[in-house]
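1. whatever this is, show me its structure:
(2 chains)
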Amino acid sequence: MTNLETIFFWITLVIYSLGAGGYIYSFVFKNPRFMPKMTWVIAAGYLAHNLTIGIRFMATGHLPWAGDYESAMMAGWFIIGATLYVGRRNQQLRALATVTAPLVVLMMGFGVMRNPVLTPMAASLKTYWLYIHVYFAQLAFGSYALSMAAGVLYLLKSKSAASDAPNPSYDRFPSLDRLDEFIFRYVLFGFITDTIMIAAGAIWAKDLWGSYWSWDPVETWSLISWLMYGITIHLRVTFGWRDQRLAWLVVAALCTVIISFFGVTLMVDTSMHFFNVK
Amino acid sequence: MFKKFVKYLSSLRFTLLLISLLGAMFLLGLWIPQASLVTQDQLVQWKSRSPLLVGALDSLGLTRIYASPIMLGLWALFFLNLSLVMWQRIPLIKKRIALVVPKNDDPETAPGFSFRASYSLPAGKDGEAVVGFLRKRGYAVLGRGERFFAVKNRLSPIAFALFHVSFFFILLGGMLSVYSKFIGFVDLAEGETFQGELARYNQVPKMPKFGGPPEVNFTVEKITPLVSGNTPTGLKVHLVEAGGAVRDLGINSPYHAGSASFVIKDLGLAPLFEVIDPAGKTVDQAYVKLNVMKGRGDTFLLGGFLFRAHFYPDYTIKAGVASTASEEFKNPVFTLLVEREGKQIAQGIVPKNGTLSFGGYQLVMLEMPFWVRFMVIKEYGIPILYAGFGMAALAVIWRFLFYRREVLGALREENGTWRLAVAGRSEFYKSLAADEFKEMFDDATGTVSGETC
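-> Model (predicted):
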């Protein structure tokens, strides 16, 4: 990491943490007026996040796509970007940042402890398939993270609604019916991009490793998470799973995605997906 | 009884059970070390440490779980279930995509429509204008302005079939690939010609159940590794085919010859060494392919001597020990231990085109070309497999982004003004679809907000 990148990285993390803290404050202390300001805080953090990526790009000559640090940085960029995007389209969804911002802080914090050193692009990563594969992987992660965030808010709001003194902060969210459908909508979008990611990865793997599927731990985990979301869609469409059951399911399903992105590197010593950057 | 059994086999409950079991097997495969993913040494070590456990897992096929009888059985049931589901669903899909007005087409009473509203039409707007608006929005409309039924993305259910058919393409392509697959590894140095001779593969290649080994004829002209610091950033391999055609390969861009691919897997050095005796006479001379990159050691025999070699691309001495400053080929040096009849007789370094003197003999490096290891794969079915991937991706986009919406509309005269009663429903969504319909009819009728019945 260059000094400038380090500075902006920590600025990003501090601002996201402040934003996440602000959201949590508004829930805990039932102060909904505090919430809209936090969107601006998160947006400021996103600006710093963009600068961090830009500085790293200038230093390495490539987008940060590989290794835990770069993956966390880009996953965070997609997740916060998606949160701000949906919040811009529907103000009631701005509070999704309550869940996504802490998730991003944790991910980026984990990433910076792993391997933030500047490395040139490894030969194995020099292909257009990388951009297609990783772009769709990050879109899927972003979308699944939003579904998880909507799931968490659904669970909190339904609990609050059932209590004697409902928390007014939840009034700023969409209704439970809408939240339930947003969960499903994000799952569907994630599933589409996840499917494209797996197909693109298989095509790339054929040229790089000689085999479109090798049962590598990362491949297997990504298949498990794809199946998990496939089951989620089946349960929703065919068996009518909604409400709290669906919300819990998407929270659990995101764990499989997080393991695919970050967990495998912790659990196994060898994976073809390390690309010389572990 | 049989009917009940077939019904269960074709049920979505069974689909979910199978997907869950497959997922569980994949998880087991991550937990139990797989023979295909660990080295032979690791496998032997594990077997010697836990013979009972490994024996039990072996007998169940769990150390090769992805090709185990249990896994193959699950896949067989999965495709059986998929076939039965498709068989049941195709008539339903045909029925669903037919453009037929519902029996009850009154927007106020038609069952199953979650969105209902009524709009007063401003002057200059009539039912035909609304129908025209809907057509512009991609709706297929039956009826006229006074009573209509409109459907958007009517054919979307076909994507369901397409998605499930894509699995059969992937299965067919995968099976063709498995049974027609030839795999071999061949090391080729700069200047070497390869004509597909089986004897030149490193080990006995895996032969296909049908078809033969690849028929090729090319010469490796030049190999250029690119390294920045400790990161390999590229590898350029220049080939010339027998017909004179030139091919430039690299990591991610293998050499394709018909259904065969030559994928670069490894890089090594093939120096031309010469042993000269004390009288100045050449005793032996040969190119030796050494697998010495990334700190690996290798040995070679030449002129009756055994040489143990290590290679340092950017040679330096760190704390009195031979080391490399980076992986860049800035100062390539071999360190060699020379043995004769089991005894070490000398050791030293040989830089590029340098010499090592030992016991009156000399080892001279005349050239230092590279070699690359190609994984040679020949298989059929890959285009079918890719078609399956493409179909699956297309189908999920079609099904989940372009889902079906239906709208009923009828004009009513109330107290001298015309009102448009509408009802709408959508696949997958109710509340969000209601927002969409409201916005659409507000727009269509030119009103600020609709009056929900």
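
2. list the residues that contact residue B:382.
-> A:206, A:212, B:173, B:177, B:259 (C-beta atoms under 8 Å, 6 or more residues apart in numbering or on different chains). (Glycine included, C-beta is placed from N, CA and C.)

3. distance check, the third one against chain A.
-> Relative to chain A, residue B:173 is positioned 9 Å away (C-beta to the nearest C-beta, to the nearest Å).

4. residues contacting the closest residue to that residue other than its chain neighbours?
-> Using C-beta to C-beta, 6 or more residues apart in numbering or on different chains and skipping the chain neighbours, the partner closest in space to residue B:173 is residue B:385 (2.9 Å). When contacts are counted by C-beta under 8 Å, 6+ apart, residue B:385 touches A:212, B:169, B:170, B:173, B:174, B:177.

5. in CSV, list the residues you listed along with secondary structure.
-> Putting the contacts of residue B:385 into CSV (DSSP: H, G, I helix; E, B strand; the rest coil) gives the following:
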residue, secondary structure
A:212, coil
B:169, helix
B:170, helix
B:173, helix
B:174, helix
B:177, helix
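
6. now residue B:187: phi and psi?
-> phi -100, psi 120 (degrees, to the nearest 10).

7. returning to that earlier point: can you redo the contacts of residue B:382 as CSV with neighbour count and pLDDT?
-> Below are these laid out as CSV (neighbours: other C-beta atoms under 10 Å in any protein chain shown; pLDDT from 0 to 100):
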residue, neighbour count, pLDDT
A:206, 22, 92
A:212, 23, 90
B:173, 22, 95
B:177, 22, 92
B:259, 17, 90
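
8. what average pLDDT does stretch B:384-399 get?
-> The average pLDDT within stretch B:384-399 is 93.

9. one more: stretch B:28-37?
-> Mean predicted confidence for stretch B:28-37 is 85.

10. nearest to chain A: which residue in the stretch 351-453 of chain B?
-> residue B:389 (3.7 Å; C-beta to the nearest C-beta).

11. show me the contacts for the nearest residue to residue B:126 once chain neighbours are set aside.
-> Setting aside the residues directly before and after it, residue B:126 is nearest to residue B:145 in space (C-beta to C-beta, 6+ apart), at 5.6 Å. Shown in contact with residue B:145 (C-beta under 8 Å, 6+ apart): B:126, B:127, B:128, B:129, B:130, B:131, B:411.

12. quick one, which of those are buried?
-> By neighbour count, with 16 or more other C-beta atoms under 10 Å in any protein chain shown, the contacts of residue B:145 hold B:127, B:130, B:131, B:411 as buried.

13. select from these every entry located in strands.
-> residue B:411 (DSSP state E).

14. tabulate the buried ones among the contacts of residue B:145 (TSV), appending pLDDT and distance to chain A.
-> Putting the buried ones among the contacts of residue B:145 into TSV (pLDDT from 0 to 100; distance: C-beta to the nearest C-beta, whole Å) gives the following:
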residue	pLDDT	distance to chain A
B:127	82	30
B:130	88	26
B:131	91	28
B:411	89	30
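
15. among the buried ones among the contacts of residue B:145, which two are most distant?
-> Across those, no pair lies farther apart than B:131 and B:411, at 10.6 Å, counting by C-beta to C-beta.

16. determine which two of the contacts of residue B:382 are furthest apart.
-> The widest separation within the contacts of residue B:382 (C-beta to C-beta) is 14.0 Å, between A:212 and B:259.

17. got phi/psi on the residue nearest to residue B:173?
-> According to degrees, to the nearest 10, residue B:385 has phi -60, psi -50.

18. which of the contacts of residue B:385 lies closest to residue A:189?
-> residue B:170 (22.7 Å).

19. close enough to count as contact, that closest one and residue B:393?
-> No - Residue B:170 lies out of contact with residue B:393 (C-beta atoms under 8 Å); the separation is 11.6 Å.
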